[in-house]
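In: For reference, the sequence and a predicted model appear below.
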Amino acid sequence: MKNCFLTWLLLLAWWPCTFAQPASPDQHYKFYKGTSALQDRIFYLFTLMEQLPGLSRLMNSDSALSTLGQEYRQRVTGSVSKGDLTAPLQFSARTTSSVSKALIDLLLRHPKEMGRLLNEMRGSGVFQLYADRADTTLLSLAWKDAVDGVNYILNAYTNGKELRYPVIDSAAYYVASPAYRSMVQRVMEQAGKRKPGLFFRPSLDVALGLLELNHRDEAIRYEPLSAINEAAYKMVKQTDWSKYPYTAMLILGASPAATEPLSETGKSRCRTGAELYRKGMAPFIIVSGGHVRPVGTRYSEAVEMKKYLVNELKIPAAAVMADPYARHTTTNVRNAVRILWRSGIPAHKKMMCVSDIMHVAYVNSPMFTKRCKTELGYMPAADIEQSDLYFLSFLPDLRSLQVNVFDPLDP
């Protein structure tokens with residue numbers, strides 16, 4: 001049964017691609033908004049399925065998907081007194097495969113409605129890791145990612161198991177306690193009272209409810225980034241890129257050891273970046289770092305770094321962009337590429353990465369490349385060159401736009 005889904009994907013590889021595939025995502029793409037900002041950020045496929053005209057009706061009319069939805073609604077409202085509360089809501093390999101087949105069947109029988117879904121998926125960049133695949137394969141892989149993400153949240157925030165980063169991602173409560181179990185049951189009861197939706201809705205509602213229960217809303221605390229970076233985004237349109245060796249300068253964050261807003265290491269990296277900025281190396285600075293340590297901190301590294309650059313080092317506010325989400329060096333780089341792309345900064349020129357000597361050496365090491373490929377599935381930086389002890393340069397890789405469902409706090 002483990003190979004069921006993989007076998008289906010191998011069969012799909014022989015199916016023809018039905019629609020034209022754009023070479024790159026749409027830099028001016030307008031995202032659809034659903035009923036939950038967390039859903040939009042982590043599970044954009046589900047938002048598209050619910051919000052695109054005619055698509056909900058089409059999926060609800062499919063007998064296989066309709067039957068599955070009814071079964072899961074019964075599961076979320078059923079009384080479970082022992083064992084894993086959310087296990088019945090997780091998607092098995094067999095269910096994942098059967099839904100893939102149903103979606104592919106809808107794609108072939110209703111090319112207009114499903115074709116629009118595929119066009120939106122490609123334009124968004126959110127599924128960029130699969131952008132060169134046939135439509136059938138893209139749809140199947142995106143669906144599998146989504147259900148894997150739902151399963152991950154259900155398991156992690158009910159049982160505290162299989163968290164990718166347990167120290168900083170864990171639940172806000174002791175998950176084995178009777179009190180927490182009662183809270184999870186209430187989340188399930190609330191999900192069961194909601195108006196029936198598409199087939200994935202019961203499991204998705206519980207997963208999102210568990211994130212909210214644990215105050216794990218990091219993924220949407222600063223949305224939209226175009227608002228907190230508004231002044232810099234406006235300056236992008238007025239920038240003469242020929243005047244600068246690099247398009248932007250990424251300064252890597254560093255968590256404070258105690259309760260202070262910004263660590264001394266973070267300040268030192270900012271001072272290095274400010275000096276390079278004044279030398280005209282790049283017209284924009286991207287500071288990167290989320291709410292990481294101490295666990296539960298109210299300070300975002302990037303927000304505090306921007307304040308330090310502007311208030312203490314007198315760097316123009318319109319020259320500084322903040323990524324307040326990243327919690328690892330891998331996502332520092334990935335998120336900087338996302339900001340570069342969404343803001344309109346040219347993606348075909350190199351950008352800089354600034355930090356202390358050891359950190360820069362790490363980014364330029366095989367160890368960092370291996371970690372990126374393991375945790376992200378790709379390397380967000382290409383053609384890395386270290387020209388100085390304190391910075392290196394790289395070409396942005398647009399696979400960085402891909403959402404990572406196994407990191408729901410910074411997808």
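Out: That came through fine.
In: Tell me the buried residues in the helix or strand containing residue 227?
Out: Element membership for residue 227 (DSSP states H and E) is helix 225-228. Buried residues in helix 225-228, counting neighbours by 16 or more other Cβ atoms under 10 Å, are found at 225, 228. (C-beta placed from N, C-alpha, C; glycine too.)
In: Name the nearest residue to residue 256, ignoring sequence neighbours.
Out: Nearest residue to residue 256, sequence neighbours excluded (Cβ to Cβ, 6 or more residues apart in numbering): residue 263, at 4.0 Å.
In: Confirm for me that the one you found is in contact with residue 252.
Out: No. Between residue 263 and residue 252 there is no contact, the gap being 11.8 Å when judged by Cβ atoms under 8 Å.
In: Pick out whichever of those two has more residues nearby.
Out: Ranked by neighbour count (other Cβ atoms under 10 Å), residue 263 and residue 252 place residue 252 first, with 27 against 21.
In: so who does the more buried one touch?
Out: Residues counted as contacts of residue 252 (Cβ atoms under 8 Å, 6 or more residues apart in numbering) are 269, 288-289, 329, 332, 353-355, 359, 363.
In: which SSE is residue 352 in?
Out: Using DSSP H and E, residue 352 falls in strand 351-354.
In: Please name every helix or strand in contact with that strand.
Out: strand 249-252, helix 264-278, helix 329-343, helix 357-363, strand 391-396 (3 or more Cβ pairs under 8 Å, 6 or more residues apart in numbering; DSSP states H and E).
In: Just the CA coordinates for the helix or strand just after the fourth one, please, in PDB.
Out: Toward the C-terminus, helix 357-363 is succeeded by helix 366-375 as the next helix or strand (DSSP H and E). Extracted in PDB, the C-alpha atoms of helix 366-375 (Å, rounded to 0.1, in the frame of the first residue of the first chain):
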ATOM      1  CA  PRO A 366      28.200  21.500   1.300                       C
ATOM      2  CA  MET A 367      26.600  21.000   4.700                       C
ATOM      3  CA  PHE A 368      24.200  23.900   4.000                       C
ATOM      4  CA  THR A 369      23.400  22.700   0.600                       C
ATOM      5  CA  LYS A 370      22.600  19.200   1.900                       C
ATOM      6  CA  ARG A 371      20.400  20.700   4.600                       C
ATOM      7  CA  CYS A 372      18.500  22.800   2.100                       C
ATOM      8  CA  LYS A 373      17.900  19.800  -0.200                       C
ATOM      9  CA  THR A 374      16.800  17.700   2.800                       C
ATOM     10  CA  GLU A 375      14.400  20.300   4.400                       C
END
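In: Contacts for helix 366-375 next, please.
Out: Residues contacting helix 366-375 (Cβ under 8 Å, 6+ apart): 164, 328-330, 333, 362, 378-380, 404.
In: Could you export those as JSON lines, including neighbour count and distance to residue 138?
Out: As requested, the contacts of helix 366-375 are arranged in JSON lines below (neighbours: other Cβ atoms under 10 Å; distance: Cβ to Cβ, whole Å):
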{"residue": "164", "neighbour count": "14", "distance to residue 138": "24"}
{"residue": "328", "neighbour count": "21", "distance to residue 138": "27"}
{"residue": "329", "neighbour count": "20", "distance to residue 138": "29"}
{"residue": "330", "neighbour count": "21", "distance to residue 138": "24"}
{"residue": "333", "neighbour count": "27", "distance to residue 138": "25"}
{"residue": "362", "neighbour count": "15", "distance to residue 138": "34"}
{"residue": "378", "neighbour count": "14", "distance to residue 138": "16"}
{"residue": "379", "neighbour count": "20", "distance to residue 138": "21"}
{"residue": "380", "neighbour count": "23", "distance to residue 138": "20"}
{"residue": "404", "neighbour count": "19", "distance to residue 138": "17"}
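In: which of the residues you listed lies closest to residue 103?
Out: Nearest to residue 103 among those is residue 404, at 21.6 Å by Cβ to Cβ.
In: what about that closest one, which SS state?
Out: Secondary structure, DSSP: H, G, I helix; E, B strand; the rest coil: residue 404 is coil.
In: so who does it touch?
Out: 375-376, 410-411.
In: Cool, thanks, talk later.
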